[in-house]
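K.L.:
3D, please:
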Amino acid sequence: MADRNYSAEDAKRDVKAAASETAAELREGARKVADQARQTLDDMAHSESVERVKERGAELADAARETGREYADRARHEAERLYEEGRRRAGEVAGHAEEYYDEVSDYVRRKPAQALGIAVGVGFLVGLILARR
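P.N.:
Coordinates of the predicted model:
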């Protein structure tokens, strides 16, 4: 049976963790591209071949584009995975809510006076809590 303790806070925490991980990977990729760009600038300072520097710049641009595509794909796949996980969990929660609704309905049918008393008590408590705000 599915874990009934998974809450919206748990889902929010999972999404934040996935976003943090993806952001860290993006920062690492950007750092690598920046390091390569610095290396190219160093090469330019010490090289006499402008054509070679142009080629290196084009290589770096291509590498940056490819890295960007890779990270975008990773982020897209992670978002899809989280979306599907959320849909699955929402379905589980709906199933549990339906089960509890059936249980409560059955209880109210069997013991209407007791159910009414509980509802009045809960309403009174909620009223007290809201009145103190």
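
K.L.:
and Arg132, backbone torsions?
P.N.:
Backbone geometry at Arg132, expressed as degrees, to the nearest 10, gives phi -80, psi -10.

K.L.:
Give me the pLDDT for it.
P.N.:
Looking at Arg132, its pLDDT stands at 84.

K.L.:
Could you do Ser49 as well?
P.N.:
pLDDT, Ser49: 67.

K.L.:
which residues in the chain form helices?
P.N.:
Ranges of helices within the chain are 8-46, 50-110, 112-131, based on DSSP state H.

K.L.:
Any chance of a markdown table for the ones you listed, columns mean neighbour count?
P.N.:
Quick note: C-beta positions are derived from backbone N, CA and C, even for glycine. As requested, these are arranged in a markdown table below (neighbours: other C-beta atoms under 10 Å):
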| stretch | mean neighbour count |
| --- | --- |
| helix 8-46 | 13 |
| helix 50-110 | 12 |
| helix 112-131 | 10 |
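
K.L.:
weakest of those helices in terms of mean pLDDT?
P.N.:
Mean pLDDT is lowest for helix 8-46 among those, at a mean of 79.

K.L.:
helices and strands around that one, which ones?
P.N.:
The contact analysis (3 or more C-beta pairs under 8 Å, 6 or more residues apart in numbering; DSSP states H and E) places helix 8-46 against helix 50-110.

K.L.:
Measure how the helix it packs on sits relative to helix 112-131, angle-wise.
P.N.:
If you take axes from the mean of the first three to the mean of the last three C-alpha atoms, to 10 degrees, helix 50-110 sits at 130 degrees to helix 112-131.

K.L.:
got the contact list for the residue nearest the centre of the chain?
P.N.:
Nearest to the mean C-alpha position of the chain, by C-alpha atoms, centre = their mean, lies Val15 at 2.0 Å. With contact taken as C-beta atoms under 8 Å, 6 or more residues apart in numbering, Val15 is in contact with Leu82.

K.L.:
Could you measure from it over to Ala64?
P.N.:
With distances taken as C-beta to C-beta, to the nearest Å, Val15 is found 27 Å from Ala64.
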